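Enquirer: Task: produce atomic coordinates for the following.
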Amino acid sequence: MRLRKLREEEIELLKDFLYEAIFIPEGVEPPDREIIELSELKIYYEGFGTGKADHCIVAEDDDKVVGAVWTRIMNDYGHVDDETPSFAISLFKTYRGRGIGTEMMKEMLHVLKDHGYRRASLAVQKANYAVRMYEKVGFKTVDENEEEYIMVCEL
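Expert: Residues are numbered from 1 along each chain as shown. Got it, this is the predicted structure:
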């Protein structure tokens, strides 16, 4: 397993990982793949690479990309202000629970710090097991609604 930057020709992979990142509670049918074409989800990948906070690190296993963490400043669920990049992260199911997501998150936090950002944010559903991982790498809950936590990590 190795971590590396996303290559320009791989940007379309963000759609796959965005769909994979949708949290599906136990016993609930996954949504149709077309859900990623909704405007509130397109902001995660449309025009990726054109914004100053557009960064992506992928996890690669045997020359296959199996996970991605990416950031951009966007008005998404985890938006806290126009200076704070929001996180998205996803791993294929068979690669979860091995610490790969934690390593990708840590690496991205270093990238953002090296680019002069003071903090990063994300939104996560309260029932999502990933909440513990986000806390482990330094994110703290700053707001919440009925379904989600808004978390921020000070760099």
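
Enquirer: Give me the contacts around the lowest-mean-pLDDT helix or strand in the chain.
Expert: Across the helices and strands of the chain, mean pLDDT, DSSP states H and E gives its lowest value to helix 39-42, namely a mean of 90. Outside of helix 39-42, the residues within contact range by Cβ atoms under 8 Å, 6 or more residues apart in numbering are 18, 35-36, 76. Heads up, the C-betas are built off the backbone N, CA and C, glycines and all.

Enquirer: Could you tell me the phi and psi values at Arg2?
Expert: phi -140, psi 150 (degrees, to the nearest 10).

Enquirer: okay, it: pLDDT?
Expert: Looking at Arg2, its pLDDT is 96.

Enquirer: From Tyr129, how far out is the nearest residue in space to it that is not next to it in sequence?
Expert: What sits nearest to Arg2 in space, not counting adjacent residues and going by Cβ to Cβ, 6 or more residues apart in numbering, is Glu60, at 5.4 Å. From Glu60 across to Tyr129, the span is 23 Å (Cβ to Cβ, to the nearest Å).

Enquirer: Could you do Ala21 as well?
Expert: Taken as Cβ to Cβ, the span from Ala21 to Tyr129 is 13 Å.

Enquirer: neighbour count winner among those two?
Expert: A direct count of neighbours by other Cβ atoms under 10 Å for Ala21 and Tyr129 places Ala21 higher, at 19 against 10.
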